[in-house]
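Q: quick one, structure for this:
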Amino acid sequence: MFVEIRKIGKNRKYYLVHSYRVGDRIKRISRYLGSNLSEKELEKLRKRAEQLIKSQTREKSLFEFELSKKQIEKMRCFDKQIKINHLQNVDWTRFTEDFTYNTNAIEGSTVTIGEVKKLVEKKDIPENNDELETIGVSNAVSYIKTTKKKLDLELIKKLHFLCFEKTKSFAGDLRTVEVVIRNKYGQIVHQGASSEQLKTLLNKLCNWYEKHKNRYPPLILAALIHNEFENIHPFRDGNGRVGRLLLNYVLIKHNYPPINILFSDRKRYYKTLQLFQKKGKIEPTLRFLISQYKKKYK
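A: Numbers count the residues shown, from 1 in each chain. You can find the predicted model right below:
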């Protein structure tokens, strides 16, 4: 982003300008900051405008996403790397336990895989929040496996509620506050969409899926829905787990086997999310998902 100064008579008007890519096109957006500003005023207004522009371009990123027939065919190569017809006999008990362990561990849960098995198989009674969320996530896996409900706002909220009904007072509720994600150095690596726009953006996300679900290969659909959901970040907490459930919801609805993203591969997983958020690149996510398939279904 850069500040553009336009001289009109004796006045100097300031605009913050940003160019960004949507598919194969470069778009330009500008925001008026004011006229005849001091350096202090300019800096303050620029910071606010940067946030608004980032939010605005992020909100457009998926909803303007269109692949040409040539691009679709090119991306089908990712699907061809796995033989889907050989992966239909999913051991759902094993998958539920593995997925529940890994998706919670990515978010900091200390429950071991052995403890997860006992909790899922009801051989142990949950005693703390991590263990309660183990039961919650496993219930959510059962839900996406069997539900006939279409992808909509209520389904998204339902998944969050199932995961966190016993541990979070805001289970199933969209956030009313703004959120940012920081790395271990305190630097902001992602800022969620404006809380005022959450319902609109999630409805657009679901409408985009309905429009494209029969046009794009399932792996691309699932990756895009997951990544854009993480961009929006609609809940105060638990977005990662709900996003990975949505990823599998889409795959299952298109007769693809579910994917278990491994805790041990979380750094690569985060990197693919950042490449999508910052540069709109979906190919790294597709390559990553293929690698997870290959590890699970050897």
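Q: what about residue 17, which SS state?
A: strand (DSSP: H, G, I helix; E, B strand; the rest coil).
Q: with residue 5 instead?
A: Reducing the assignment to helix, strand or coil with three-state DSSP, the entry for residue 5 is strand.
Q: what bridges to it?
A: With DSSP bridges applied, the residues forming beta bridges to residue 5 are residue 14.
Q: okay, it: pLDDT?
A: Looking at residue 5, its pLDDT is 84.
Q: mind listing what it touches?
A: Contact criterion Cβ atoms under 8 Å, 6 or more residues apart in numbering gives 12-15 as the residues in contact with residue 5. C-beta here means a position set from N, CA and C on the backbone, and glycine is covered the same way.
Q: what distance do you get for it to residue 42?
A: From residue 5 over to residue 42 the distance is 10 Å, taken as Cβ to Cβ, to the nearest Å.
Q: which residues do those two both contact?
A: residue 14.
Q: quick check: the nearest residue to residue 76 once chain neighbours are set aside vs residue 285, distance?
A: The shortest distance from residue 76 to any non-neighbouring residue, by Cβ to Cβ, 6 or more residues apart in numbering, is to residue 217 (5.6 Å). Going from residue 217 to residue 285 by Cβ to Cβ gives 13 Å.
Q: the bottom helix or strand of the protein by mean pLDDT?
A: Averaged element by element with mean pLDDT, DSSP states H and E, the chain has its least confident helix or strand at strand 188-191 (a mean of 66).
Q: point out where the stretch 51-200 of the chain drops to low pLDDT.
A: In the predicted model of the stretch 51-200 of the chain, residues 54-67, 80-89, 182-190 satisfy pLDDT under 70.
Q: what's whichever helix or strand residue 33 is part of packed up against?
A: Secondary structure from DSSP states H and E places residue 33 in strand 25-35. Using 3 or more Cβ pairs under 8 Å, 6 or more residues apart in numbering; DSSP states H and E as the contact criterion, the neighbours of strand 25-35 among helices and strands are strand 11-22, helix 39-61.
Q: all the helices of the stretch 101-250 of the chain, residue numbers only.
A: 113-120, 129-146, 153-164, 198-212, 218-232, 239-253 (DSSP state H, counting those that start in this stretch).
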